[in-house]
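Undergrad: Next comes the sequence, and after it the predicted model I'd like to discuss.
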Amino acid sequence: MVISLTNQKGGVGKTTTALNLGAALHAAGKKVLLIDNDPQGNLTAALGFTPAEQKRTLANLVLAAIDYPEDLPVHLQRAVLLTECGMDLIAANKRLADAAARLQVMQLSQYNAAGEANRSSEEVMNTVLEPLKGQYDYIIIDCGLKHELLTVNALSASDYCIIPVQSHFLASEGIPDVLEMVRAVQQKFNSRLQIAGILLTMYQSRPQLCRSVRESVGAVYGDDFHVFERPIEYSIKVAECPAAGKSIFDYAPSNAAADSYRSLAQEVLRLA
């Protein structure tokens, strides 16, 4: 199962959720691959790697899928990293922005030259992931804010997407933009794509503001989309995890946020 974490607003916890959802699924006995689909390389850094030092990244795989797909299996073997958390990782760094630019050139070509009509710039990630799907129970893709074509590629290759939303005033305004992108991908590239749910993050149970956001998200979207049962509790421990290169389960397993991610993983497991 391929799951993308996406929201076009920053600071909503996409990377943290990708890491800790993957760790919770791994703890449940599942084989998990994390993919850093952001040139900033935040997921790569959060797992203890230095993005700039990575020579084999998602950028290599995207370019290989475009230029010499017959060599892609060799590049895949070199690009997959084993993390200390027990999950595998395909890393990212600034070179992914170059790959995104190449996708944009390819997109212009496919719409302006008849000879390129059968090459879809929005579905290159499908080519990258196809050889990997049989090797993992879950592939989780962490999408960035910029380079929309990278996010479209991730959604085109996914079975589900999760939309993290910060439990803060007006934070839920980013949801309509994500929903519009998902609908476009469903119509043009991936009819099987489903929204697994809206996930409230950085939640504080006591402040009235967080409770009101939770209620408003449920009231506006609850009839059409699933809202995950348990919001991700706000904790400074979650913010400290990336600096330690660990998941919340390795860093502070008894923390309330760890219980929140366990709950999320249980709901994801029921999607299968």
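TA: Yes, it's here. Just so we're clear, the structure is a prediction, and the values are computed from it rather than from any experiment.

Undergrad: Figure out how far the helix or strand harbouring I163 is from the centre of its chain.
TA: According to DSSP states H and E, I163 maps onto strand 160-166. In this view, strand 160-166 has its centroid 9 Å away from the chain centroid, taken as Cα atoms, centre = their mean, to the nearest Å.

Undergrad: helices and strands around that strand, which ones?
TA: Contact here means 3 or more Cβ pairs under 8 Å, 6 or more residues apart in numbering; DSSP states H and E; on that basis strand 160-166 packs against strand 2-5, helix 14-27, helix 175-188, strand 194-201. Yep, even glycine has a C-beta here, placed from its N, CA and C like the rest.

Undergrad: Can you report how many residues lie near Q135?
TA: Residues lying near Q135 (other Cβ atoms under 10 Å) number 12.

Undergrad: contacting residues around it?
TA: 31, 33 (Cβ atoms under 8 Å, 6 or more residues apart in numbering).

Undergrad: Please tell me how far it sits from G245.
TA: With the distance defined as Cβ to Cβ, to the nearest Å, Q135 ends up 24 Å from G245.

Undergrad: and if you look at K30?
TA: In terms of Cβ to Cβ, K30 sits 21 Å off from G245.

Undergrad: Helices along the stretch 51-200 of the chain, start to end?
TA: In the stretch 51-200 of the chain, the helices defined using DSSP state H, counting those that start in this stretch lie at 58-67, 72-79, 95-112, 124-129, 148-156, 175-188.

Undergrad: Of those, which shows the lowest average pLDDT?
TA: With a mean of 86, helix 95-112 has the lowest mean pLDDT of these.

Undergrad: ok, residues contacting that helix?
TA: So helix 95-112 is contacted by 37-39, 41, 57-60, 62-63, 66, 116-117, 119-122, 124, 147, 149-150, 153 (Cβ under 8 Å, 6+ apart).

Undergrad: Can you give me the buried ones in it?
TA: Neighbour counts over helix 95-112 (16 or more other Cβ atoms under 10 Å) mark 95-97, 99-100, 102-103, 106-107, 110 as buried.

Undergrad: circling back to that earlier point, please save the CA atoms from the strand holding I163 in CSV.
TA: Extracted as CSV, the C-alpha positions of strand 160-166 are listed here (Å, rounded to 0.1, in the frame of the first residue of the first chain):
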residue,chain,number,x,y,z
TYR,A,160,-4.2,6.6,-0.3
CYS,A,161,-3.3,10.1,0.9
ILE,A,162,-3.4,11.5,4.5
ILE,A,163,-3.9,15.2,5.0
PRO,A,164,-2.3,16.5,8.2
VAL,A,165,-3.8,19.7,9.5
GLN,A,166,-2.5,21.7,12.4
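
Undergrad: Show me what C143 is bridged to.
TA: Beta-bridge pairing of C143 under DSSP bridges involves N37.

Undergrad: give me the number of residues near it?
TA: Using other Cβ under 10 Å, the number of residues around C143 comes to 27.

Undergrad: for S167, same thing?
TA: By other Cβ under 10 Å, 26 other residues sit near S167.

Undergrad: same deal with the one 10 residues further on?
TA: For D177, the count of nearby residues is 12 (other Cβ under 10 Å).

Undergrad: what's near enough to touch it?
TA: Contacts of D177 by Cβ under 8 Å, 6+ apart are Q8.

Undergrad: start at 20 instead
TA: Fine by me, first position is 20 from now on; the one you just mentioned is D196.
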